[in-house]
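Colleague: I'd like to go over a predicted model; first the sequence, then the structure.
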Amino acid sequence: MPSAMPADILARRRELMLVGDADGFADLFAPDAVMEFAFHGPPGTPVRVEGREAIREYSRRVMASPLRLEEYEVAELYQAQDLEVVVVEMRARATIATTSQSFTAMSIQVLRIREGQIVLFRDFADPRGFEEMSAVLGLES
């Protein structure tokens, strides 16, 4: 996807996440890509995942969990002065398959996309969404 625009890559990411395609999702990333979760996420979420294959394994674990993503939308997309960098306002709604309870999460994501591949993904998720999900799953501390 060398000529793909950031919006195209984000649309493809959305499609892959909604169908649970961890391998396709990981393939959007460069071999040396990095994922970072600034405010952390649900219990067991790493703060940093380095490399496409580690992203693939992490994504497989997440997509195999009882969490079912139902909506995943880009609310706003901003282009930074550095043309490789975009800032995204995201909204997601998911259901815990084991309980049928749903929750909504919002985040700001910063992505560096070079030659059609994500090289850096930083997620600044609203921690309240993870608190709600942890409560639904019975994981709160």
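Modeller: Thanks, I have it.
Colleague: rest of the way, CA atoms for contacts and neighbours
Modeller: Will do.
Colleague: any idea which helix or strand carries the most centrally placed residue in the chain?
Modeller: Averaging the C-alpha coordinates of the chain gives a centre point, and the residue nearest to it by C-alpha atoms, centre = their mean is Asp123 (7.2 Å). Asp123 is part of strand 117-125 when elements are defined by DSSP states H and E.
Colleague: try Leu18
Modeller: When elements are defined using DSSP H and E, Leu18 is found to belong to helix 6-19.
Colleague: report the angle between the axes of that helix and strand 117-125?
Modeller: Per axes from the mean of the first three to the mean of the last three C-alpha atoms, to 10 degrees, the angle that helix 6-19 makes with strand 117-125 is 70 degrees.
Colleague: Low-confidence regions, the chain specifically.
Modeller: Filtered on pLDDT under 70, the chain yields the residue ranges 1-3, 40-44, 128-141.
Colleague: ranges for the helices of it?
Modeller: Counting by DSSP state H, the chain has these helices, from start to end: 6-19, 22-26, 52-64, 127-137.
Colleague: And those: which comes nearest Val86?
Modeller: Checking these against Val86 by C-alpha to C-alpha gives helix 6-19 as the closest, at 7.4 Å.
Colleague: Pull out the buried positions in that closest one.
Modeller: Taking 16 or more other C-alpha atoms under 10 Å as the basis for neighbour counts, the residues of helix 6-19 that come out buried are Pro6, Ile9, Leu10, Arg13, Arg14, Leu16, Met17, Leu18.
Colleague: Let me know the angle separating that helix from helix 52-64.
Modeller: Helix 6-19 runs at 50 degrees relative to helix 52-64, counting by the same axes, to 10 degrees.
Colleague: helices or strands next to helix 6-19 in the packing?
Modeller: Using 3 or more C-alpha pairs under 8 Å, 6 or more residues apart in numbering; DSSP states H and E as the contact criterion, the elements in contact with helix 6-19 are helix 22-26, strand 67-79.
Colleague: Of the ones you listed, which is nearest Arg56?
Modeller: Arg56 lies closest, by C-alpha to C-alpha, to one member of those: helix 22-26, at 4.9 Å.
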